[in-house]
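[1] prediction below, plus the sequence it came from.
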Amino acid sequence: MDTTNREKLLRFQLSTSSDEEKFVIRSPKLGLDYTAWVQDETGTNAKCYVMTIHDLGCSHSVFTEFISQPEMRALKQRIVWVHVDLPGQEDGASILNIEKYPSLDEVGSELINILDHLNIPQIVIFGEGAGANIGCRFAIEHPSRVHGVVLVHPTGTTAGFMEMMKDKLNNWKLIHKGMNPDAEAYLIWHRFGRDAAKGYVDSQLLEANLREFSEKLYQKRTAKNLALFLDAFLNRTNLIDKLDRLTVDCLVAVGKKSSVLHTTEKFYEKLRDSRDPQKMVNSPILIADNVGDILGEAPDVLSKAMQFFLQGIGLISGLPMDAGLVGLGRLSRSMSMEDADRPRRSSVLNTTSSPGTASPPIVGSPPK
């Protein structure tokens, strides 16, 4: 489907969708409200629950747009999506009456209130950027409530000196001047990568995504609240050293043009090094070539990887498997978009596993 038709279809689907139910859920510990949007189009189908957590400068709408893509139609009919707007980050949010945002550990820990309020026993975490960092912390603290995690552009290290200085300047401007070109440029760099931040836009789809993102920064984000969230992300504690406590399976995804490509690769290397090879068979890394924003620019590739991952951990097992995906769980190396899309002669991907690593079942058994 070409870019123009995809954009028209997406806008139609978003304008006609009324499948989200809104819940405002208070965190007594933080004294702040989370907003959860439940999107359920499963009908009588067997289902699983997926919680989405957004990045800096975004709201839950980035995930509703991703799910509205044609490639996600099959998954959408089998998954109940719980989209989370973090405190003060929802569209048109009121100014938070706080001086300091909670830490990422605190924000992540209090997601438990959403599961308890909605009576969801276990969930799959699907986070992007700062949301991936927060979701990973939740999975470490509450492993019994998590089936697995899908982490898009995760960063596990603390902020470097240059990032800290740049963020502090942008925070000051956001608080005292509101949304401005410097803060906008930083957030574009963070989300879409260096090329996009420098104006090197090589597709109509990326151009449309950039335009929409910028419009929402000025029209729908509350500058002070965003500055507080950005400051919490800037002061994040080291997550890499805690990955030995992440016991659930994990799909890591990153665009090759992303500003956090190297830190995401480092995150995955540390995850791999912290586990026995037997426990990595359902924890691959997906590196999408020629994109910075994998959610917006490569939804077809990410949706395929998500389907295999969910089936590999025993969920949505009745959904037909794309033959090109079979064997993905055996990968110990990264998988590019070309790898995912290349036609195959057999139903099993011809790769080598680590010595002593047993081949996993293509579809697992449902958790008990």
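    On my side now, so go ahead. Keep in mind it's a predicted model, so treat the numbers as computed, not measured. Numbering: from 1, shown residues only.

[2] buried set for stretch 46-57?
    47-57 (16 or more other Cβ atoms under 10 Å). Placement of C-beta: from N, CA and C, glycine included.

[3] again, but for stretch 287-297
    Buried, per 16+ other Cβ under 10 Å, within stretch 287-297: 287-288, 291-297.

[4] nearest to residue 74 among those?
    Using Cβ to Cβ, residue 295 is the member of the buried residues of stretch 287-297 that sits closest to residue 74, with 17.6 Å.

[5] what's the closest non-adjacent residue to the closest one?
    The shortest distance from residue 295 to any non-neighbouring residue, by Cβ to Cβ, 6 or more residues apart in numbering, is to residue 66 (4.9 Å).

[6] by contact count, what packs against whichever strand or helix holds the one you found?
    Per DSSP states H and E: residue 66 is located in helix 61-67. Helix 61-67 sits against helix 3-16, strand 32-40, strand 79-85, helix 294-297, with contacts defined as 3 or more Cβ pairs under 8 Å, 6 or more residues apart in numbering; DSSP states H and E.

[7] among the ones you listed, show the one with the smallest mean pLDDT.
    Across those, helix 3-16 has the smallest mean pLDDT, namely a mean of 44.

[8] give me the next element, helix or strand, following that helix.
    From helix 3-16, the next helix or strand downstream (DSSP H and E) is strand 20-27.

[9] direction included, what does that following strand pair up with?
    Counting by DSSP bridges, the strands paired with strand 20-27 are strand 32-40 (antiparallel).

[10] buried set for the strand it pairs with?
    Quick answer for strand 32-40 (16+ other Cβ under 10 Å): 32-39.

[11] cool, and stretch 202-213?
    For stretch 202-213, by 16+ other Cβ under 10 Å, it's 205-206, 208-210, 213.

[12] before we move on, what about stretch 246-254?
    246, 248-254.

[13] now swap in stretch 256-270 and tell me
    256-261, 263-264, 267-268, 270.

[14] next one: stretch 271-284
    For stretch 271-284, burial by neighbour count (16+ other Cβ under 10 Å) applies to 271-272, 274-275, 280-284.

[15] following the host helix or strand of residue 170, which helix or strand comes up?
    Using DSSP H and E, the element containing residue 170 is helix 161-177. For helix 161-177, the following helix or strand on the C-terminal side (DSSP H and E) is helix 181-192.

[16] in that next one, what's buried?
    Applying 16+ other Cβ under 10 Å to helix 181-192 flags 183-192 as buried.

[17] just name the closest of these to residue 77, please.
    Nearest member of those to residue 77, counting by Cβ to Cβ, is residue 191, at 28.6 Å.

[18] show me what contacts the nearest residue to residue 242 once chain neighbours are set aside?
    Leaving out its chain neighbours, the residue that sits closest to residue 242 by Cβ to Cβ, 6+ apart is residue 140, at 5.7 Å. Residue 140 sits next to 242, 245-246 when contact means Cβ atoms under 8 Å, 6 or more residues apart in numbering.
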